[in-house]
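> with the sequence up front, the predicted model follows.
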Amino acid sequence: MPQSSQLPHLLEQVELATGPAPTASVIWLHGLGADGYDFVPIVKELEVGTLPGLAGGVRFIFPHAPTRPVTVNNGMVMRAWYDIKLADLVRQEDEAGVRDSQAEIEKLIAREKQRGIPASRIVLAGFSQGGAIALQTGLRHAERLAGLMVLSSYLPLAGSVAAEAAPANRDVPIFMAHGLHDPIVNLPRATASREQLAALGYQVEWHDYPMEHSVCLEELQAIRVWLGKVLGAKD
């Protein structure tokens with residue numbers, strides 16, 4: 001069963017290991033207004049323990065974002081990785097909030113390394129706002145990560161990526177998936193992010209589905225295959 005824990009200096013989180021001796025970690029960030037429990041049920045669906053090289057297990061970590069007022073939601077206080085001031089997502093970005101959340105995820109990466117999981121065996125994943133923070137953190141992380149999984153999301157602080165990107169993650173595998181009818185993070189915003197990443201030399205595996213701002217079964221199947229490529233046994 002997943003356990004909720006609160007360790008000193010770390011975000012409160014939900015943790016679930018698929019086996020007795022995890023050899024990899026997935027840090028999975030929820031979307032605006034949700035919490036770490038949001039994607040816990042998906043772990044069972046992914047069946048990563050049956051993938052080659054992952055029988056020992058994968059540790060999934062689902063942190064809870066801090067609570068803060070969100071401007072586009074009339075200042076309502078909710079769990080959010082950063083404030084959203086305008087619906088187009090990119091004007092008047094909450095740079096301080098984005099960078100604060102980046103620092104919190106860096107702490108979680110450091111904790112996994114202390115537990116014996118090298119950076120090369122850590123995936124950063126996220127949905128919507130969580131996917132934005134996965135990109136923000138992963139592209140700038142000083143050591144090569146296993147991969148970045150970005151679901152129904154976009155590239156934040158896009159103007160700073162070229163200058164701040166870490167050389168170690170220039171070839172990090174990036175999985176991006178999006179709904180063709182997403183009314184929250186619209187498709188042009190997502191494809192613009194994909195195109196900017198490609199222009200900077202990143203290899204993006206892109207998937208789109210006839211859905212809105214959500215996750216579908218076909219997408220989960222693609223995620224499972226991708227996790228097998230980046231974390232499973234290599235030929």
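Yes, it's here.

> in the protein, where is pLDDT below threshold?
1-8, 233-235 (pLDDT under 70).

> need the strands for the protein, in chain order.
In the chain, the strands defined using DSSP state E lie at 3-5, 13-17, 24-29, 58-63, 67-70, 76-79, 122-127, 147-151, 174-179, 204-209.

> list the buried residues for the last one?
When you say that, I think you mean strand 204-209. For strand 204-209, the neighbour count (16 or more other Cβ atoms under 10 Å) marks 204-205, 208-209 as buried. All C-beta spots, glycine's among them, are computed from the backbone N, C-alpha and C.

> okay, the strands of the chain in CSV with distance to Val43 next?
Output for those, formatted as CSV (distance: least, Cβ to Cβ, whole Å):
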stretch, distance to Val43
strand 3-5, 13
strand 13-17, 5
strand 24-29, 9
strand 58-63, 5
strand 67-70, 25
strand 76-79, 20
strand 122-127, 11
strand 147-151, 13
strand 174-179, 17
strand 204-209, 20
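
> got the contact list for Gly36?
Gly36 sits next to 4, 12-14, 30, 62-64 when contact means Cβ atoms under 8 Å, 6 or more residues apart in numbering.

> can you check Ala65 too?
For Ala65, the contact set (Cβ under 8 Å, 6+ apart) comprises 11, 29-30, 35, 79-81, 101, 129-130.

> biggest helix in this protein by residues?
Counting residues, the longest helix found in the chain (DSSP state H) is helix 95-114.

> now do that helix against strand 58-63, angle only.
If you take axes from the mean of the first three to the mean of the last three Cα atoms, to 10 degrees, helix 95-114 sits at 150 degrees to strand 58-63.

> buried ones in helix 95-114?
For helix 95-114, the buried set under the neighbour-count rule, 16+ other Cβ under 10 Å, comprises 97-99, 101-102, 104-105, 108-109, 111-112.

> for it, packing partners?
Packing partners of helix 95-114 (3 or more Cβ pairs under 8 Å, 6 or more residues apart in numbering; DSSP states H and E): strand 24-29, strand 58-63, strand 122-127, helix 129-138.

> not counting that helix itself, show me its contacts.
Under Cβ under 8 Å, 6+ apart, the answer for helix 95-114 is 7, 9-11, 13, 25, 27, 29, 59, 61, 63, 65, 68, 80-83, 119, 122, 124, 132-134, 136-137, 140-141, 156-157.

> of these, just the buried ones, ChimeraX syntax please.
Only the buried entries of those go into this ChimeraX selection, using 16+ other Cβ under 10 Å:
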select :11,13,25,27,29,59,61,63,65,68,80,81,82,83,119,122,124,132,133,134,136,137,140,141,156,157
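
> want to throw the contacts of Ala65 into CSV with distance to Asn169?
Formatted as CSV, those follow (distance: Cβ to Cβ, whole Å):
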residue, distance to Asn169
Leu11, 22
Leu29, 17
His30, 23
Asp35, 28
Arg79, 27
Ala80, 25
Trp81, 20
Ser101, 18
Gln129, 21
Gly130, 18
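
> which of those residues sits closest to Asp88?
Lowest distance from Asp88 to the contacts of Ala65 (Cβ to Cβ) belongs to Gln129, with 14.6 Å.

> from Asn73, how far out is Ala177?
Distance of Ala177 to Asn73, computed by Cβ to Cβ, to the nearest Å: 25 Å.

> just Ile174 next, same as before
29 Å.
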